[in-house]
Structure formats: C-alpha cells, structure tokens
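Predicted structure and sequence below. I'll ask about it afterward.
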Amino acid sequence: MEKRRQVKLEDVAALAGVSKTTVSRVLNNRGYLSEATKQRVHEAMEQLHYRPNAIARQLFTQKTNLVGLVFPTVNDPFFGQLEAGLDECLYENSYRTLMGNSQNNPQKEEQYLQLLLNHQIDGLIVGAHNQAMPDYLQTNLPIVSIERAVAPQIPVVASDNYRGGQLATQRLLDAGCQHIIHTNYPKDVMTTNQDRRKAYEDLMSQAGYPAITYEVNYDTPMEEKKAIFARLFDEHPEVDGIFADNDTNAGLIIQVAKARGRRVPEDLKVVGFDGADGTRILFPELTTVQQSIDQMAAVAVNLLEQQIAGQTNVESVTLPVTLLEGTTG
C-alpha cells in the first residue's frame, strides 16, 4: 500500500495561489491580510486536510500555549475545584494544561517542575507547600502562586485568611464556647493558613481565653489525623468548640467526636474552612468559612497572562471570604 504523502506548507500555498510566507502569516495571525486571502488559505488547508506543525508554530510565536499546574492533590474538595476552575479558565484563554500533584513531597514537586520546564511551557500556577525551591527562584518563567508563599518575587492569590479566622473564631465565641481549639499546619510551613491561626490567637487573647493549636500537616495520613484528633479530646475533655483549618479536618473531627459520644452541636461546636462545592453537597450542615475558589482561579490566570504579556511587578491579590451558616457551629 502506497504511503500517503504528508501535506506541506508549500502545497497549501500552491493551491491557494499565495506564498509560503502568506500562509505562515495566516496561521500565526501576523500582519495585515485581506479577508479574501485568509479565506483562500483556509479553504486550501481544509481541502488538503492540512494540519499545522505545532513545533514550527511555537518557534515562530515563541509560545506553546501550555501552562503547568503543581498542586498537592486533586483528592480534596478545595484543590479539586480549584484545579478544575484553572483548567477551564486557561482553556477559555486558549491554553492547555499539564498537571502535577506533588503530595507535598519536595522531591516529587521538583521532578514535576523539571518535567514541566522541559515542555517549554508559557507559565506556571502553583499551590504546593514547599517554599523557596531553587528552581522557582532561578527561572524567569511567569509564575503565580495560590495560597502559598513560594518566593518574594512571585505574586500570590489568596483569600483574606485573617478575616476568615476572625469569622470562624467569633462565631464560636458568640455561641458561648470558652474552650476553643484550633487545628492548622506547623508554624514553619509558610502558608497563608497561618493568618487563620493569628486571627484565632488574637480573638482568644481578647476574650481572655487560652489559644491552643493542634498542628496537623496537610499530607498526614487519614488514620494519623484521626489519632491526633482523638488525642485532642483526651488531653482537653473540656473542649466545647473547634475551629478546623479546612473542611476535611472538620469532618474528621466530627467523626471522632461522635465516636466518643460527643453531640454536635449540643456538646461541641465545629467550624471549618474552604466551603468547596463538593463539600457543600455532601456536608451541607457544616458551618464553614467559604473561599471564592472559582474567582481565585480566574484571578490567578489573569495575573499569569499579565506576566506572559511582559508586565513586571504584578501585584498579589487578596479575595474576600464568607461565613456559611450551618448547624455544626
């Protein structure tokens, strides 16, 4: 069987009655061309079933229209919704995405980063927890971080975490709680989550109550988290309110509490943080602080496009949060 010859640029030019340069300009939307010329070129491409050479186009435009995403996991309502939102926003702006989930493992994150850089991507949007990685500091690639302090020169899109911490803690105080415990990342993890902790500590101090935080890494296995929360109840049987740093931990805390005979909200009030769509469907009774996840994705893509366009000193953006009423807190 005779092998089918690959259609080339000159074939399209010959059929359309124009030069190869004109065909290239049509493909890359460069320079002024009449609508009639554009139509002849497109008709020739369609007739010949011509497929543009993506690599050649990248060399011409200096763009791949690829954006890399590096996040801890999609196996979480917040990150799952965020990555889906980013992918949709990028697609609407003619970008395709390459995703890597690091599980908060620095080696894995570095491997993903190198893989993405090798694909000659146009930019990165990151939300992993490993800050000050040399590759982030040394590359001139446009980068936007979400809720993570990666490097001083990289803009961050974050919720107003301090305000969120205030809303959650004040809700528990207004409900009459006096022994409120908070869960959060260890203090050495440079994340905007620490602003939630600061707000909790400030309000507890103002109310004259002790501030107690149980530190839980994001990537701690589920059973280990449950063990930490069980220890929380053993060490503080007086606890009557818990401000969890995310909705997943809030759900686990309620599970452990109920297994120990604690009634929610009669004996224990719990407020979470995130308010992702998936959580609201499966756990609508949870009182939580909702982040603007879809807006976060749209803003991150906008900041990345500003950098891709050559803008420097792109500013970080802080987005508002809302307390969602539920029955748990």
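Arrived safely.

okay, now the domains of this structure?
9-61, 66-159+294-319, 161-292 (automatic domain parsing).

Comparing the ones you listed by mean pLDDT, which bottoms out?
Per-stretch mean pLDDT for the domains of the chain is lowest at domain 9-61 (a mean of 77).

Tell me which of the domains of the chain sits nearest to residue 325.
domain 161-292 (6.4 Å; C-beta to C-beta). C-betas here are computed from N, CA, C, even on glycine.

For the closest one, what is the distance to the chain centroid?
Chain-centre distance of domain 161-292: 22 Å, with C-alpha atoms, centre = their mean, to the nearest Å.

Does anything pack onto the helix or strand containing residue 44? Which helices or strands?
If you go by DSSP states H and E, residue 44 is part of helix 35-48. In this structure, helix 35-48 packs against helix 9-16, helix 20-28, with contacts taken as 3 or more C-beta pairs under 8 Å, 6 or more residues apart in numbering; DSSP states H and E.

in the last one, what counts as buried?
Along helix 20-28, the positions that meet the burial threshold by neighbour count (16 or more other C-beta atoms under 10 Å) are 22-27.

ditto for stretch 79-90
Counting neighbours by 16+ other C-beta under 10 Å, stretch 79-90 gives 79-83, 85-87, 89-90 as buried.

Quickly name whichever of those is closest to residue 329.
Lowest distance from residue 329 to these (C-beta to C-beta) belongs to residue 81, with 21.9 Å.

So which elements touch the host helix or strand of that closest one?
Here residue 81 sits within helix 77-92, counting by DSSP H and E. Applying 3+ C-beta pairs under 8 Å, 6+ apart, we find helix 77-92 packed against strand 66-71, strand 96-101, helix 247-259, helix 277-282, helix 293-308.

One more pass at 6 Å, please.
Helix 77-92 is packed against strand 66-71, helix 277-282, helix 293-308, with contacts defined by 3 or more C-beta pairs under 6 Å, 6 or more residues apart in numbering; DSSP states H and E.

Just name the most buried of these.
Stretch with highest mean neighbour count among those: strand 66-71 (a mean of 24; mean count of other C-beta atoms under 10 Å).

Run the chain-centre distance for it.
The answer for strand 66-71 is 10 Å, by C-alpha atoms, centre = their mean.

Packing partners of it?
Helices and strands touching strand 66-71, by 3+ C-beta pairs under 6 Å, 6+ apart, are helix 77-92, strand 96-101, strand 123-126.

Of all the ones you listed, which one is nearest residue 195?
Closest approach to residue 195 among those (C-beta to C-beta): helix 77-92, 16.2 Å.

For the closest one, give me every contacting residue.
Contacts of helix 77-92 with the rest of the structure, by C-beta atoms under 6 Å, 6 or more residues apart in numbering, involve 67, 71, 73-74, 97, 125, 274, 276-279, 293-294, 297-298, 301.

Show me the two of the residues you listed that sit farthest apart.
Across these, the longest distance by C-beta to C-beta is 26.6 Å; it joins 67 and 279.

could you pull out the strands for the stretch 51-200 of the chain?
Taking DSSP state E, counting those that start in this stretch as the criterion, the stretch 51-200 of the chain carries its strands at 66-71, 96-101, 123-126, 143-146, 156-159, 180-184.

any chance of these in CSV, plus distance to residue 252?
Output for these, formatted as CSV (distance: least, C-beta to C-beta, whole Å):
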stretch, distance to residue 252
strand 66-71, 21
strand 96-101, 21
strand 123-126, 26
strand 143-146, 24
strand 156-159, 22
strand 180-184, 10
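
hang on, the earlier thing: for the helices and strands packed on helix 77-92, which one sits closest to residue 168?
Closest approach to residue 168 among the helices and strands packed on helix 77-92 (C-beta to C-beta): helix 277-282, 14.9 Å.

No further queries at this time; thank you.
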